[in-house]
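> give me coordinates for this.
(2 chains)
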Amino acid sequence: MMAESAMCDDVIELAAGLAFDAIDEADRQRVEEHAAQCPRCAAALEEFREVAFALGKAVPQVDPPPRLRSHVLLAAQRERPASVGRPRRFVRPRLRLSPAWAVAAASLIVSAASLIWVGRLENEVAQLRTDAVAERDRAARYDSMTEVLGSPQLAVRSLTTAMQDVHSYGTVYLDPRSRTGMLTARGLPPIEVGHAWQLWFVRGNERVSGGLLWPDHYGNGYALIQVPPDLQSFEGIGVTDEPGAGSAWPTTPRIMGARLDSSN
Amino acid sequence: MARGDARALEQVYERHSRGVYSLALRLLSDGAGAEEVVQETFLKLWRQPNAYQPSRGRLFPWLLGVAHHHAVDLLRRRQLEQRHRIALLPTNNGAGLVDLLESFGLTSSEGDPQLRVGAIEDRLVVGRALANLPPEQRLPIELAYFRGLTQVEIAALLSQPLGTIKTRMRLGLQQLRRTPDLSQLWSER
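Predicted coordinates:
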């Protein structure tokens, strides 16, 4: 039988995998059963889960499609939580026509109408709430842009077209202090649905992604970008058409660019 | 929720669906799959409200954990079909690791115009913390969390003993846990 400390060491190694869903079911059960009895391993597992949460919380934030909300709520309506519902079984409804039933049916209709009305009101409130959040977020983004633009170390470079017959242009604002920046672009040509424009920092044969920009219908847009810590070692910037999730390396020719090692 | 209050579910959805959807989308790169994960995550809370124990932490980390689990399940089903492609990727010297990170799209530097400022800050904190890890620790962590690979699969992929991968992952997580800025991410609401 494995000594307790050796067991804990083994479980803690597995706990890292459990926090990331990277172990099989048998190991998962072993870790959870052991952690239920062992405060040290339980604490380690909790810490690993906190790291997992931090990674999960820091992904790019994207609004779910509005219709998803009603899908989820409708699906929930069709079920009841296990703790409140008896085991579900099919019971054939018996229909009895009587005056009492007529009254009940009428009151049900009134109740249903009230529910629909309340539902509409709730939808309106939810929409207002969503709008308020969007406005607050927009204000926060402006704050962030102001911070970038107000940096004493701000470097500004104009992006010019790198292709004949394409009249795109833009500007990058780079703040090495906060390692953030902004890209603005105008006149970008149409791209495939689901694609985005990706900004690259160029250093010799190396390309470092700075971020993605989704243009509007007119080919204009802006994006907050990340600036590499050793910005001064990069000689240029390029922008390419890439799949919306971003590429690890440019997969299409540069559409516009700028030099970084000159004052422009 | 435990009383079957649909309004409670609605409020939880309003508050956390964005975070859940974003994580699922990041893992799956597929809107339809991400929607499925969101639905399964909130329905799990609805069907089994007692599965979440407030005494063991806040709801959002629990929801993200459930969403990650669902997303990884979905991802693994897809990866079964793509395994031969993964096997062709470069392996394990230092430069190879960096290439591999890039080939998996695991650069922590991409931006997103839809990012909220708070999320940008979170990403910067996480990106820096990850960047400070040695590649041999960072890679297993990212392959596991963002690509849904098991420790066994990572060991095979990197041609390393399973024990080595487990240890590197554990060391990397312990170092991340000690990063002060990162600790704020789970302490704040």
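> where along the stretch 51-200 of chain A do the strands fall?
Assigned by DSSP state E, counting those that start in this stretch, the stretch 51-200 of chain A shows strands spanning A:155-161, A:169-175, A:180-186, A:195-203.
> actually chain B, sorry about that
Along chain B, no segments are classed as strands by DSSP state E.
> let's have the strands of the stretch 51-200 of chain A in CSV, adding distance to B:A144.
Just so you know, the C-beta spots here come from the backbone N, C-alpha and C atoms, and that holds for glycine as well. Below are those laid out as CSV (distance: least, C-beta to C-beta, whole Å):
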stretch, distance to B:A144
strand A:155-161, 37
strand A:169-175, 33
strand A:180-186, 28
strand A:195-203, 26
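> need those in CSV with mean pLDDT, can you?
Converted to CSV, the strands of the stretch 51-200 of chain A look like this (pLDDT from 0 to 100):
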stretch, mean pLDDT
strand A:155-161, 88
strand A:169-175, 88
strand A:180-186, 85
strand A:195-203, 91
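> nearest to B:E136, of the ones you listed?
Of all these, it is strand A:195-203 that lies closest to B:E136, at 23.6 Å by C-beta to C-beta.
> low-confidence bits of chain B, can you list those?
Within chain B, the stretches with pLDDT under 70 are B:1-4, B:79-123, B:183-189.
> cool, chain A as well?
A:1-4, A:80-111, A:113-118, A:120-121, A:123-125, A:127-153, A:262-264.
> okay, now the residue in it positioned nearest to chain B: neighbour count?
Proximity of chain A to chain B (C-beta to the nearest C-beta) peaks at A:G211, 2.2 Å away. By the criterion of other C-beta atoms under 10 Å in any protein chain shown, A:G211 has 26 neighbours.
> residues from the stretch 101-250 of chain A in reach of chain B?
Counting by C-beta under 8 Å from any C-beta of the partner chain, the residues of the stretch 101-250 of chain A close to chain B are A:122, A:126, A:129, A:137, A:140-141, A:143-144, A:179-180, A:198-199, A:208-214, A:221-226, A:228, A:245-249.
> that older thread, the residue of chain A closest to chain B contacts A:L224, doesn't it?
Yes: in this structure, A:G211 is within contact of A:L224 by C-beta atoms under 8 Å, at 6.9 Å.
> got the buried residues for stretch A:158-169?
Under the neighbour-count criterion of 16 or more other C-beta atoms under 10 Å in any protein chain shown, stretch A:158-169 has A:159, A:161-162, A:168 buried.
> surely A:A42 and A:A36 touch.
Yes: between A:A42 and A:A36 there is a contact at 7.3 Å, judged by C-beta under 8 Å.
> quick one, which of those two is more surrounded?
Neighbour count, other C-beta under 10 Å: between A:A42 and A:A36, A:A42 has more, with 18 against 10.
> separation between the more buried one and B:P134?
Taking C-beta to C-beta, to the nearest Å as the measure, A:A42 falls 28 Å from B:P134.
> how about A:Y169?
For A:Y169, the distance to B:P134 - C-beta to C-beta - is 41 Å.
> next, count neighbours for A:R179.
By other C-beta under 10 Å, the residues close to A:R179 number 17.
> which non-adjacent residue is nearest it?
Of all residues not flanking A:R179 in the chain, A:V227 sits nearest, at 4.8 Å (C-beta to C-beta, 6 or more residues apart in numbering or on different chains).
> got the contact list for that neighbour?
If a contact means C-beta atoms under 8 Å, 6 or more residues apart in numbering or on different chains, then A:V227 has A:174-176, A:178-181, A:201, A:210 as its contacts.
> and with 7 Å instead?
By C-beta atoms under 7 Å, 6 or more residues apart in numbering or on different chains, the contact set of A:V227 is A:174-176, A:179-181, A:210.
> quick one, what contacts the spatially most central residue of chain B?
Closest residue to the average C-alpha location of chain B: B:Y145 at 4.0 Å, with C-alpha atoms, centre = their mean. Going by C-beta under 7 Å, 6+ apart, B:Y145 touches A:20, A:52, A:55.
> chain B next: which of the residues you listed are close?
A:20, A:52, A:55 (C-beta under 7 Å from any C-beta of the partner chain).
> buried members of those into PyMOL, please.
Buried members of the ones next to chain B among the contacts of B:Y145, defined by 16+ other C-beta under 10 Å, are picked up in PyMOL with:
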select buried, chain A and resi 20+52+55
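> ok, which stretches of the chain are helices?
Let's take chain A. Taking DSSP state H, the helices of chain A run over residues A:4-19, A:25-37, A:39-57, A:66-77, A:99-149.
> oops, chain B please
Ranges of helices in chain B, per DSSP H, are B:6-28, B:31-47, B:59-87, B:94-103, B:117-131, B:135-147, B:151-158, B:162-178, B:180-187.
> show me what the second one is packed against.
I take that to be helix B:31-47. Contact partners of helix B:31-47 among helices and strands, from 3 or more C-beta pairs under 7 Å, 6 or more residues apart in numbering or on different chains; DSSP states H and E: helix A:66-77, helix B:6-28, helix B:59-87.
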